[in-house]
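Visitor: 3D, please:
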Amino acid sequence: MVMRAIPGWAVVVLLAAGTAMAAEERAINLDAYQSALLQASGHPNELNRWHGIWNYDNGRPDDALKYFLRAAAYGDKLSQHFLALMYWNGDGVDRDPVQAYVWADLAAERGNSPDLIRVREHIWHELTPAQQAQSVETGQSYYERYGDQVAQRRTNTEIRRFARTQTGSRVGLLTSRLEVNAGRPD
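Guide: Prediction:
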């Protein structure tokens, strides 16, 4: 599965969940959003994540939730993390610590991000023993739908489908600029 790095400022979008963002505090502007969509072309996990971030940033948490769920179905760990934070803070959804832990556990599934693991462990230690047991029980069905084992196949299928529909040069990106040099140094 291809997962590109996301700028740090985008991760901060939901770290401040639960606080109202003023217009001047927006995480991304329209140009950055449109550029991100072009770069994410053909990667359904990234496209849906960016739509989720854009909707969240524009005060539409219901739409953001829908897009983060779509991205999570493609194994997008940042979207799974955003879902954990939304459920933990009750931001746009009813606060549900069990759901928050399940999403945090999925986000930390690969074990390669200390930050995601830290969030998961923090949530786990805040749960009551009954909530911990419920999280373990509930989590299995989520892994069957959103875990890497199934999500990576789903993502790779979509990426291959997209690649087959492309025409033209396979040399550059769809968003790369054409630079022509007429042999002059300027």
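Visitor: residue contacts, E144?
Guide: V150 (Cβ atoms under 8 Å, 6 or more residues apart in numbering). Where C-beta positions appear, they are placed from N, C-alpha and C, glycine not excepted.
Visitor: list phi and psi for it.
Guide: phi -70, psi -30 (degrees, to the nearest 10).
Visitor: the one 10 residues further on now?
Guide: Here the main-chain torsion angles of R154 (degrees, to the nearest 10) amount to phi -60, psi -40.
Visitor: from what I can see it touches Y74, true?
Guide: Yes. Assessed by Cβ atoms under 8 Å, R154 is found in contact with Y74 at 5.9 Å.
Visitor: who's more crowded, the two?
Guide: A count of neighbours by other Cβ atoms under 10 Å puts Y74 above the other of R154 and Y74, at 25 against 17.
Visitor: skipping adjacent residues, who's closest to the more buried one in space?
Guide: Using Cβ to Cβ, 6 or more residues apart in numbering and skipping the chain neighbours, the partner closest in space to Y74 is N45 (3.6 Å).
Visitor: three-state assignment of that neighbour?
Guide: Three-state assignment for N45 (DSSP: H, G, I helix; E, B strand; the rest coil): helix.
Visitor: next one: it from G59, what distance?
Guide: Counting by Cβ to Cβ, to the nearest Å, the gap from N45 to G59 is 24 Å.
Visitor: the more surrounded of those two?
Guide: Higher neighbour count among N45 and G59: N45, with 28 against 12, using other Cβ under 10 Å.
Visitor: tell me which element the residue at minimal distance from the centre of the chain is part of?
Guide: Note on the chain: the residue nearest the mean C-alpha position is S79, at 2.6 Å, using Cα atoms, centre = their mean. Using DSSP states H and E, the element containing S79 is helix 77-89.
Visitor: helices of the protein, residue ranges please.
Guide: 8-15, 30-39, 44-57, 61-73, 77-89, 97-107, 114-126, 129-146, 148-164 (DSSP state H).
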